[in-house]
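**Student:** Provided below for reference: sequence and predicted model.
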Amino acid sequence: QVQLVESGGGLVQAGGSLRLSCAASGSIFRVDAMGWYRQAPGKQRELVATITRSGSTNYASSVKGRFTISRDNAKNTVDLQMNSLKPEDTAVYYCNADLYTTRFSSSFNTYWGQGTQVTVSS
């Protein structure tokens with residue numbers, strides 16, 4: 001059993017900052033790519049940022065320069081530092097991870113957290 005648990009969401013004024021954290025736990029052999037996605041009311045879930053095991057990052061154009069994704073491979077955690085927040089960043093933020101549960105796994109499975117609400121007031 002694998003769990004991804006997010007924390008750090010909340011209410012912040014425009015221009016403020018929040019830091020989201022996500023920890024993967026359970027039967028894990030190795031975690032490959034990790035990422036953050038978000039879903040605003042009435043909209044589809046969209047990619048925010050991803051990071052490979054080696055640290056290569058990818059950002060949505062809407063957050064580039066404002067958000068920073070980082071990870072700790074030893075702890076199986078991924079963080080998202082969000083600065084200069086805008087009302088349009090309001091959404092439920094989900095972390096995900098591509099991981100192998102055993103050394104004998106031939107392919108990875110993708111797991112999702114339960115989501116954490118981020119609300120940015122104008």
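**Tutor:** Now that the structure is in, tell me what you want to look at.

**Student:** Using the three-state scheme, assign the spatially most central residue of the chain.
**Tutor:** In the chain, the centroid-proximal residue (CA atoms, centre = their mean) is residue 36; its distance is 2.6 Å. Three-state call for residue 36 (DSSP: H, G, I helix; E, B strand; the rest coil): strand.

**Student:** so what's the residue nearest to residue 16 when sequence neighbours are not counted scoring on pLDDT?
**Tutor:** Nearest in space to residue 16, with sequence neighbours left out and distances taken as CB to CB, 6 or more residues apart in numbering, is residue 85 at 5.4 Å. C-beta coordinates here come from the backbone N, C-alpha and C atoms, glycine included. We note a pLDDT of 98 for residue 85 in this prediction.

**Student:** Residue 85: neighbour count?
**Tutor:** 22 (other CB atoms under 10 Å).

**Student:** surely it meets residue 9?
**Tutor:** No - at 11.6 Å, residue 85 does not count as touching residue 9 under the criterion of CB atoms under 8 Å.

**Student:** who touches both of those two?
**Tutor:** Counting by CB atoms under 8 Å, 6 or more residues apart in numbering, the contacts common to residue 85 and residue 9 are 18, 118.

**Student:** what about residue 102, how many residues close to it?
**Tutor:** By other CB under 10 Å, the burial measure for residue 102, its neighbour count, is 9.

**Student:** May I ask which helix or strand encompasses the residue lying farthest from the centre of the chain?
**Tutor:** In terms of distance from the mean C-alpha position of the chain, residue 104 ranks first, at 26.7 Å (CA atoms, centre = their mean). Secondary structure assignment for residue 104, by DSSP states H and E: no helix or strand.
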